[in-house]
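Participant: following is a predicted model, sequence given first.
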Amino acid sequence: MDEIKDKLTNPSKETMQDKRGHFWCYLSLTLIILLVASILYFITSKGIATFAENHASLKDFLTGTDWNPNSKGEDGKPLVGALPMIVGSFAVTFLAALFATPFAIGTALYMTELSSSKGRAFMQSVVELLVGIPSVVYGYVGLTVIVPFIRKVFGGTGFGILSGTIVLFVMVLPTITSLTIDSLKAVPLHYRQASLALGATRWQTIYKVILRASAPGIFTAVIFGMARAFGEALAVQMVIGNACLMPKSLVTPTATLTSQLTSQMGNTVMGTLSNNALWSLALILLFMSLFFNLLVRLIAKRGEMKK
């Protein structure tokens, strides 16, 4: 009798497992939220110190072209013009995405619509190989191959936006390709069958049906590729020149937000104007990452509404 009473009144083994599972889930969720909130607070507090403590002008920071935090201008405010790095970051990001997208879509279409199983497996191995190559290897190849080639063809030093674009093109290509493949595979089979049944050719089906149905997913793939290109540091730093100057052409040295951060953060003292200015660059990177994530969500919601 006592044994039956204990079983009825005491929690069972399954109930305890359920409670432990809920506890670890909520604990993990809390830790992730606290970690993200801490990162946002830390970067934001450090980033605004340039304007709150050092009295730099936000307008000059976003539109100025002189980057020399240790000096002051005629108005007595620090020279922290970040426009050259902002322009350099957006230039290499958009150009790399512009060049990589057609090749990524073509490769994805071949792997999903045209190739045999052996050809698909081979191309999948190639894409995975490109993903697994470290960024420093891409940068070193760019430094030893691409930069001398551009120097020989166009003159100058060979460093600049064009070199950074070529390196980032190879780096973001597998990312856009992989996500585009997933998007094409998600198109229902009856879309293809209905198009072919109406007399459309294979290429008409690909262009009129498959690409249009997978357009939101392809746009999402491009945004993810741009996000990776915008945040890439080491490979771009090795080929872009790291000169805080407004780019006059694609083959003149300039800098990006990430290249300036990685090259200068170790040379500054915490709490100084030079260090705070670099944290302000990091804050811009954070805002751009949030913008890319928001853009992906908006595209995904728009795709769901069309369906």
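Facilitator: Looks like it came in fine.

Participant: gap between residue 219 and residue 298?
Facilitator: Residue 219 sits 10 Å away from residue 298, taking C-beta to C-beta, to the nearest Å as the criterion. Every residue, glycine included, has its C-beta placed from N, CA and C.

Participant: more neighbours: the two, which one.
Facilitator: Neighbours per residue, other C-beta atoms under 10 Å: of residue 219 and residue 298, the larger number sits with residue 219, 20 against 14.

Participant: now the more buried one: how far from residue 225?
Facilitator: If you go by C-beta to C-beta, the gap between residue 219 and residue 225 works out to 11 Å.

Participant: and residue 203, by the same measure?
Facilitator: 25 Å.

Participant: repeat for residue 111
Facilitator: To residue 225, residue 111 is 17 Å away according to C-beta to C-beta.

Participant: which residues sit against stretch 69-84?
Facilitator: With contacts defined as C-beta atoms under 8 Å, 6 or more residues apart in numbering, stretch 69-84 is touched by 50, 54-57, 60-68, 244-247, 254-255, 257, 273-274, 277, 280-281, 284.

Participant: what about the chain, any weak spots by pLDDT?
Facilitator: Where the chain drops to pLDDT under 70, the residues are 1-14, 302-307.

Participant: domains for it, by residue range?
Facilitator: In terms of domains, the chain is parsed into 1-47, 83-306 (source: automatic domain parsing).

Participant: in CSV: the ones you listed, plus distance to residue 73.
Facilitator: Below are those laid out as CSV (distance: least, C-beta to C-beta, whole Å):
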stretch, distance to residue 73
domain 1-47, 21
domain 83-306, 13
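
Participant: what's the most buried one of those domains?
Facilitator: domain 83-306 (a mean of 18; mean count of other C-beta atoms under 10 Å).

Participant: can you give me how far it is from the chain middle?
Facilitator: Taking C-alpha atoms, centre = their mean, to the nearest Å, the mean C-alpha location of domain 83-306 is offset from the chain mean by 7 Å.

Participant: over to stretch 16-29?
Facilitator: Worked out by C-alpha atoms, centre = their mean, stretch 16-29 lies 33 Å from the chain centre.

Participant: hey, C-alpha coordinates of it in PDB?
Facilitator: C-alpha atoms of stretch 16-29 as PDB (Å, rounded to 0.1, in the frame of the first residue of the first chain):
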ATOM      1  CA  MET A  16      11.700  14.800 -13.300                       C
ATOM      2  CA  GLN A  17      13.200  14.400 -16.800                       C
ATOM      3  CA  ASP A  18      10.700  16.800 -18.200                       C
ATOM      4  CA  LYS A  19      11.500  19.400 -15.500                       C
ATOM      5  CA  ARG A  20      15.200  19.000 -16.100                       C
ATOM      6  CA  GLY A  21      14.700  19.500 -19.800                       C
ATOM      7  CA  HIS A  22      12.700  22.700 -19.300                       C
ATOM      8  CA  PHE A  23      15.300  24.000 -16.800                       C
ATOM      9  CA  TRP A  24      18.200  23.500 -19.300                       C
ATOM     10  CA  CYS A  25      16.200  25.000 -22.100                       C
ATOM     11  CA  TYR A  26      15.300  28.100 -20.200                       C
ATOM     12  CA  LEU A  27      18.900  28.400 -18.800                       C
ATOM     13  CA  SER A  28      20.300  28.200 -22.300                       C
ATOM     14  CA  LEU A  29      17.900  30.800 -23.600                       C
END
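
Participant: did I read that right, residue 295 in a strand?
Facilitator: No - in this structure, residue 295 is helix, not part of a strand, as judged by DSSP: H, G, I helix; E, B strand; the rest coil.

Participant: which SSE is the nearest residue to it once chain neighbours are set aside in?
Facilitator: Nearest-residue entry for residue 295: residue 223, 5.4 Å, with adjacent residues in sequence omitted and distances by C-beta to C-beta, 6 or more residues apart in numbering. Residue 223 belongs to helix 215-231 when elements are defined using DSSP states H and E.
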